[in-house]
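# okay, here's the prediction I keep looking at, along with the sequence it came from:
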Amino acid sequence: MKLRALCASLLAVAACAGAAQAATPACASARLQVEISHIQRVQACTAQGPNSPVCRQNEQVEKLQWQMMDAVCPSPTPQCAVNRQLYDIVSQQRAIKCQQAGSSTAPVCQAAMQQEDVSFLQVKLSCFMQ
């Protein structure tokens with residue numbers, strides 16, 4: 001079921017990509033930096049564990065990249081704003097659950113990471129495709 005939802009979301013991204021308005025170069029760069037920092041944080045927290053200093057540092061870097069994007073990109077659409085708020089909540093829940101579990105391989109952490117991935121994709125659809 002989750003795979004089906006993910007595939008449907010990816011197809012929506014592909015369909016929307018052609019219709020998306022071009023972002024300013026600064027905004028496009030900021031969005032790319034958010035994506036890069038997100039990937040780096042996921043990799044660091046998965047490899048080093050959710051309680052490692054490397055994971056925590058990458059979480060802070062990702063938060064800073066979101067702030068930079070907010071500063072240089074146009075005001076979000078209402079749907080983008082909602083999805084961003086939901087992502088922030090889901091991301092915080094993932095951090096708490098994984099830190100409490102003590103391992104990125106714990107089932108509760110794995111489930112939280114999957115939820116966060118879906119939420120991040122929703123942000124990309126509603127915010128990065130404008």
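Nice, thanks for sending it over. Note that the structure is predicted; figures quoted are calculated from it, not measured.

# straight-line length of stretch 68-81, end to end?
16 Å (CA to CA, to the nearest Å).

# buried stuff in that stretch?
M68, M69, C73, P76, C80 (16 or more other CB atoms under 10 Å). C-beta: built from backbone N, CA, C; applies to glycine.

# of those residues, which belong to helices?
Residues of the buried residues of stretch 68-81 located in helices (DSSP state H): M68, M69, C80.

# relative to M68, how far out is the last one?
Which is C80. From C80 across to M68, the span is 16 Å (CB to CB, to the nearest Å).

# can you pull the pLDDT of V42?
On the pLDDT scale, V42 is placed at 95.

# that one: neighbour count?
19 (other CB atoms under 10 Å).

# please look at it and A112 and confirm they touch.
No: using CB atoms under 8 Å, V42 makes no contact with A112, being 11.9 Å away.

# what sits against Q99?
Listed by CB atoms under 8 Å, 6 or more residues apart in numbering, the contact set of Q99 reads P50, N51.

# what comes up buried for whatever helix or strand Q114 lives in?
Applying DSSP states H and E as the criterion places Q114 in helix 107-123. Of all the residues in helix 107-123, those buried under the rule 16+ other CB under 10 Å are C109, Q110, A112, M113, Q115, E116, D117, S119, F120, L121, Q122, V123.

# ok, which stretches of the protein are helices?
2-17, 25-48, 53-72, 78-101, 107-123.

# so which of those helices is nearest M129?
Set against M129 and scored by CB to CB, these come closest in helix 2-17, at 4.7 Å.

# tell me the mean pLDDT over the closest one?
40.

# same check on stretch 46-61?
Mean pLDDT, stretch 46-61: 94.

# please save the CA atoms from that stretch in CSV.
Taking Å, rounded to 0.1, in the frame of the first residue of the first chain, the C-alpha atoms of stretch 46-61 are listed here in CSV:
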residue,chain,number,x,y,z
THR,A,46,20.8,5.7,9.4
ALA,A,47,24.5,4.9,9.4
GLN,A,48,25.6,6.5,12.7
GLY,A,49,22.4,6.0,14.6
PRO,A,50,19.7,8.6,15.7
ASN,A,51,21.6,9.6,18.9
SER,A,52,24.9,10.2,17.3
PRO,A,53,26.5,13.7,17.2
VAL,A,54,26.8,13.3,13.4
CYS,A,55,23.0,12.7,13.1
ARG,A,56,22.1,15.6,15.4
GLN,A,57,24.5,17.9,13.5
ASN,A,58,22.9,16.9,10.2
GLU,A,59,19.4,17.5,11.6
GLN,A,60,20.5,21.1,12.5
VAL,A,61,22.0,21.6,9.0
